[in-house]
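# dropping the sequence and predicted coords here.
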Protein chains: 2
Amino acid sequence: MFTLHERLKNDTAEIVSLKLCIVLLMKDSSFPWLILVPKREGVREIHELSPDDRITLMEEMTLASMAIEKVYSPDKINIGALGNLVPQLHIHVIGRFAADRAWPGPVWGSGQAVPYGADELKSAVSALKEIFNQSARSGL
Amino acid sequence: MFTLHERLKNDTAEIVSLKLCIVLLMKDSSFPWLILVPKREGVREIHELSPDDRITLMEEMTLASMAIEKVYSPDKINIGALGNLVPQLHIHVIGRFAADRAWPGPVWGSGQAVPYGADELKSAVSALKEIFNQSARSGL
């Protein structure tokens, strides 16, 4: 089990475990917001990953971005690797809408999470799972 | 010439043109802040690049991140592809310090740029150029 994954347990729902990353959905219904956590403890920066892992990370970021596009049709995707508060490497992939609460600013630090309703969370998780599973079957 | 590059001309200094991206330094001395602009007009999202371009982008992001690490030894690197205001794909690679004006928040929207002095800008550009040229000679 990985520290960051443990730490995020209450704030996220697990979608899928890919070759490199665990993919989590942030429990903030304000944005379709995935977090990719590479299963490499102690790595803080993308450039610290091995060249092979970096290529896999790019593929998995792409998968996450396409999954959000397919399920939510956002106006823009935002991708970020920050880690100023939680240094273990993790990558945010977020669907943005011109009407969302933080637009056009970044989502980080933009306010309190708005919880999903139980059914809403269940259907978001299953829609995203389905897309990741389809991609795994068909390749990128 | 690429639209975004044109648009950023006053706010940035060019460091180097790599295989995929033009690398620009933001004229904000608050942060060592590079912007990578893929030479692919009309592309808005990382997942819209070809698979080969995505791999090159990952290499060039890594180069930029290592260049900032070598020249500035920051506490953390932040990487972001947002584009809510300027949709053409561009990637921010920023060195962060626990004492910088936006820490631990993101830099975007954190306030006015603090101009470099002329000599300061010149030496930042030449130090970064030197690192990119070294990397080009030796590979990653």
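Structure's in. What do you need?

# ok, the host helix or strand of A:M61 near chain B or not?
Per DSSP states H and E, A:M61 falls inside helix A:51-72. Yes. Residues of helix A:51-72 are located near chain B by CB under 8 Å from any CB of the partner chain, namely A:51, A:54-55, A:57-59, A:61-62, A:65-66, A:69. The way it works is simple: take the backbone N, C-alpha and C, and place the C-beta from them, glycine included.

# look up phi and psi at the residue most central in space within chain A.
Note on chain A: the residue nearest the mean C-alpha position is A:L34, at 1.9 Å, using CA atoms, centre = their mean. Backbone torsions of A:L34, given as degrees, to the nearest 10, read phi -100, psi 150.

# pretty sure it contacts A:A13?
No. Under the criterion of CB atoms under 8 Å, A:L34 makes no contact with A:A13, lying 10.4 Å away.

# which neighbours do these two share?
Counting by CB atoms under 8 Å, 6 or more residues apart in numbering or on different chains, the shared contacts of A:L34 and A:A13 are A:24-25.

# A:W33 contacts A:I94, correct?
Yes. The pair A:W33 / A:I94 is scored as a contact, 4.7 Å apart, by CB under 8 Å.

# compare the two (neighbour count), which wins?
A direct count of neighbours by other CB atoms under 10 Å in any protein chain shown for A:W33 and A:I94 places A:I94 higher, at 27 against 21.

# doesn't that one belong to a strand?
Yes. Per DSSP: H, G, I helix; E, B strand; the rest coil, A:I94 lies within a strand segment.

# mind listing what's buried along stretch A:79-93?
For stretch A:79-93, a neighbour-count test (16 or more other CB atoms under 10 Å in any protein chain shown) marks A:79-84, A:88-93 as buried.

# so which of those belong to strands?
A:79-81, A:91-93 (DSSP state E).

# tell me which two of the residues you listed sit farthest apart.
Comparing every pair within these by CB to CB identifies A:A81 and A:V93 as the most remote, at 10.2 Å.

# can you report phi and psi for A:W108?
Taking degrees, to the nearest 10 as the convention, A:W108 sits at phi -70, psi 130.

# didn't it look like it was pressed against A:A81?
No. Applying CB under 8 Å, one finds A:W108 not in contact with A:A81, separated by 11.4 Å.

# quick check: neighbours shared by those two?
In contact with both A:W108 and A:A81: A:H92, using CB under 8 Å, 6+ apart.

# ok, and the closest non-adjacent residue to A:G95?
Nearest residue to A:G95 in three dimensions, chain neighbours excluded: A:P74, at 3.3 Å (CB to CB, 6 or more residues apart in numbering or on different chains).

# what is in contact with A:W33 and A:I94 at once?
Both A:W33 and A:I94 are contacted by A:V107, under the criterion CB under 8 Å, 6+ apart.

# for A:V125, pull up the helix or strand it's in.
helix A:118-138.

# buried sites along that helix?
In helix A:118-138, counting by 16+ other CB under 10 Å, buried: A:124-125, A:128-129, A:131-132, A:135.

# out of these, which touch chain B?
Counting by CB under 8 Å from any CB, the subset of the buried residues of helix A:118-138 that neighbours chain B is empty.

# which one of the residues you listed is nearest chain B?
Chain B has its nearest neighbour among the buried residues of helix A:118-138 in A:S135, at 11.3 Å by CB to the nearest CB.
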